[in-house]
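Student: Compute the structure for the input listed below.
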Amino acid sequence: MADVDLRDLNAQSVGELDADMWRSYYNHEFFKLFVQLLRLIKLQLGLNWFLTIRLAYYAAWAAADYRIRKHKGVNNARVLRNLSKFYRLIARHSAEPFDYERVAKLELEWWDVHRKSYKNNPKLERALAEAAAALYNVDAARLKEYAHYRAEAMILPRHEGDDSSNQTDWAKVTELTVKAWQVLCLVIQDN
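Tutor: This next block holds a predicted model:
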């Protein structure tokens, strides 16, 4: 099987799927999230179905475990283990090497920062930029704009059961995630 160029992104599709996955995550629709992950992984990586299903399983399990245990104290070791399995499989098939353990830790780090962020803040943007920089082997400083748009999108969703007068504008979330991925695409393809 040929190695995958992670820099070959379809920013529009990835951005739309990113927003859709956030919606499923916030609404506890984990099977739907799994299906969306399958679509994203197949679209982005073009791996065989066996690997695609394994990757979606690890990512969905990590996300569901993290989300469900929000108020019970997350078992970050288990979440990190699944994120590491996810990124290790991607690293094995990536044309450009990356430190999958570091990427998994940085991913979980921005999850933790995001969980405590009720507004966009420099720490969330920095964590997002560092995680993407580690995956794509670019300077995190070049990903500030990507991180800003993505962080802005991440703070908009409301949880299922939140006050109905404070509904999420999913069109705005999608607009911001698409912008984020378009900017990331320009940076990583220009490297």
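
Student: At which residues are the helices of the protein located?
Tutor: Taking DSSP state H, the helices of the chain run over residues 11-26, 30-45, 49-68, 76-93, 100-115, 122-136, 144-154, 170-189.

Student: Now do the buried residues in the fourth one.
Tutor: So the one you mean is helix 76-93. Neighbour counts over helix 76-93 (16 or more other C-beta atoms under 10 Å) mark 76, 79-87, 89-91, 93 as buried. Just so you know, the C-beta spots here come from the backbone N, C-alpha and C atoms, and that holds for glycine as well.

Student: returning to that earlier point: turn the helices of the chain into JSON lines, including mean pLDDT and distance to residue 5.
Tutor: Below are the helices of the chain laid out as JSON lines (pLDDT from 0 to 100; distance: least, C-beta to C-beta, whole Å):
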{"stretch": "helix 11-26", "mean pLDDT": "93", "distance to residue 5": "14"}
{"stretch": "helix 30-45", "mean pLDDT": "93", "distance to residue 5": "10"}
{"stretch": "helix 49-68", "mean pLDDT": "93", "distance to residue 5": "16"}
{"stretch": "helix 76-93", "mean pLDDT": "95", "distance to residue 5": "10"}
{"stretch": "helix 100-115", "mean pLDDT": "94", "distance to residue 5": "16"}
{"stretch": "helix 122-136", "mean pLDDT": "96", "distance to residue 5": "11"}
{"stretch": "helix 144-154", "mean pLDDT": "95", "distance to residue 5": "18"}
{"stretch": "helix 170-189", "mean pLDDT": "96", "distance to residue 5": "10"}
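
Student: And residue 138, how close does it get to residue 99?
Tutor: Residue 138 is 14 Å from residue 99, where distance means C-beta to C-beta, to the nearest Å.

Student: Please convert the buried residues of helix 76-93 to JSON lines, extending it with distance to residue 15.
Tutor: Shown next, in JSON lines, are these (distance: C-beta to C-beta, whole Å):
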{"residue": "76", "distance to residue 15": "28"}
{"residue": "79", "distance to residue 15": "24"}
{"residue": "80", "distance to residue 15": "26"}
{"residue": "81", "distance to residue 15": "28"}
{"residue": "82", "distance to residue 15": "24"}
{"residue": "83", "distance to residue 15": "21"}
{"residue": "84", "distance to residue 15": "26"}
{"residue": "85", "distance to residue 15": "25"}
{"residue": "86", "distance to residue 15": "20"}
{"residue": "87", "distance to residue 15": "21"}
{"residue": "89", "distance to residue 15": "23"}
{"residue": "90", "distance to residue 15": "19"}
{"residue": "91", "distance to residue 15": "23"}
{"residue": "93", "distance to residue 15": "23"}
